[in-house]
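Engineer: Got a predicted model here, sequence first, then my questions.
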Amino acid sequence: MVELEQTFLNFLLRHQERHNRTYHFIILMDAITNAAKLIEHYYVTGALKGNWLGADTVNVQGESVMRMDRIANDIVTHHLRSTGRVISAVSEENEERIEMSGDDGRYFVYFDPLDGSSNIAHGLPVGFMFGIAKRNLKGPEDHHLRTGKEFIAAGMFVIPTGTFTLALREAGTWRFHVNETGTFVKPTRMMLPEATKTWELSFNAGNSSTFAPSVQTWIAENQQRQAFRYLGALAGDFHRLLANGGMFMYPAIVAHPDPKKNRPEGKLRLLYEAAVVAFMAREAGGAAVDEHGQPILEVQPQTLHHRTALYVGSPPLVESIARVLQRH
Ligand code: F6P
């Protein structure tokens, strides 16, 4: 017998029904999952069709953009716009806000269409990550950039693995898998392991000597008890962390031998990277802090592409490093 799994659509309909919610969010999520499937298609056929080749432009962060990033950005932008439900969006690939349905819309979407760009040329895992906030329904909308705490949902697709993780405010973090017909099925609740023998630390060890001395000391004191894993794509690293427990970190770079390469504010982007995984972590029982040891979900974005340091994962590890960061 073929086993029938609950589909993502069925899961979402029941969730909306249980919480007396509208169908608008379902329309938005339908567009997002369709965009992800299309990106996945272009990605797996990328080598054949030449979509991986060439760094043909430079994005607003000063990084080289491969063609696949632009394809993914166009796909997501088109799908979000088509819903008629998105007020405006912020994409990693666009310097300015992308205006969509204005005040007729209901949601703000912050996204990175293809995160982990160094993996693209090799067809290795990358992420499509997004955070969603809702307009003020009670009065005039001031269009302020939302903190992670104000998100109603956040999620990521690890491309090309056919997996999708979605966190819903106060309703948990759920993982889905694509089935034979390309449908996301089988909701599985994800909880960050509190304590396990397989805890993993995930960070770019090549940068270690550039971290703050207190962070370097913390690593030296704690590394024996953890395994190291680093894929170089936040979505992939966080995906494994959600199952195995541990901590992903991208500390501030403060002691680079070439001071021009320091990043005291951190590297990752708050709105569509750090806040997205922090929201998913919170709904899975985890935590996330910045270089001051303050909760990522409370950091107010100052600009669309605000950068931050990030420490995210199982509470004992995040709390331990947070105490160190708060002291310095
Ligand atoms: O730009 C974001 C990103 O690609 C993340 O997905 C990833 O975690 C990080 O940068 C990798 O950076 P690095 O190559 O410096 O380790």
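Structural biologist: Yes, it's here. Numbering: from 1, shown residues only.

Engineer: How about the residue of the stretch 1-150 of the chain found nearest the ligand: what's its closest non-neighbour residue?
Structural biologist: Relative to the ligand, the nearest point of the stretch 1-150 of the chain is G116 (4.0 Å; CB to the nearest ligand atom). Backbone N, C-alpha and C define where each C-beta goes, glycine included. Nearest-residue entry for G116: A233, 2.5 Å, with adjacent residues in sequence omitted and distances by CB to CB, 6 or more residues apart in numbering.

Engineer: The one you found: what's it in contact with?
Structural biologist: Contacts here follow CB atoms under 8 Å, 6 or more residues apart in numbering; on that basis A233 touches D115, G116, S118, N119, L124, P125, V126, G127.

Engineer: ok, 10 Å please
Structural biologist: With contacts defined as CB atoms under 10 Å, 6 or more residues apart in numbering, A233 is in contact with 114-120, 124-127, 129, 158-159, 239.

Engineer: correct me, but R85 touches I32?
Structural biologist: No. Contact between R85 and I32 fails when scored by CB atoms under 10 Å: they sit 11.0 Å apart.

Engineer: Enumerate the residues of the stretch 101-250 of the chain near the ligand.
Structural biologist: Within the stretch 101-250 of the chain, the positions lying close to the ligand (CB under 6 Å from any ligand atom) are D115, G116, S117, S118, N204, G232, A233, L234.

Engineer: make it 8 Å
Structural biologist: By the rule CB under 8 Å from any ligand atom, the part of the stretch 101-250 of the chain lying against the ligand is 112, 115-119, 126-127, 203-204, 206-207, 230-235, 237, 248, 250.

Engineer: quick one on the thing from earlier: for the contacts of A233, which one is nearest G293?
Structural biologist: M129 (23.7 Å; CB to CB).

Engineer: I'd like to know how many residues surround that closest one.
Structural biologist: Using other CB atoms under 10 Å, the number of residues around M129 comes to 30.

Engineer: Begin at 631 from now on, thanks
Structural biologist: All right, first residue 631 from here; so that's M759.

Engineer: Bridge partners for it, pull those for me.
Structural biologist: On the basis of DSSP bridges, M759 is bridged to D742, M786.

Engineer: Now do the contacts for it.
Structural biologist: M759 makes contact with 722, 740-746, 784-788, 795, 863-865, 868, 899, 902-903, 905-907, 910, according to CB under 10 Å, 6+ apart.

Engineer: Please apply the same query to L927.
Structural biologist: L927 sits next to 777-781, 904-905, 908-909, 911-912, 917-919 when contact means CB under 10 Å, 6+ apart.

Engineer: how much space between it and F909?
Structural biologist: 7 Å (CB to CB, to the nearest Å).

Engineer: okay, and the common contacts of the two?
Structural biologist: In contact with both L927 and F909: G778, K779, E780, F781, A918, using CB under 10 Å, 6+ apart.
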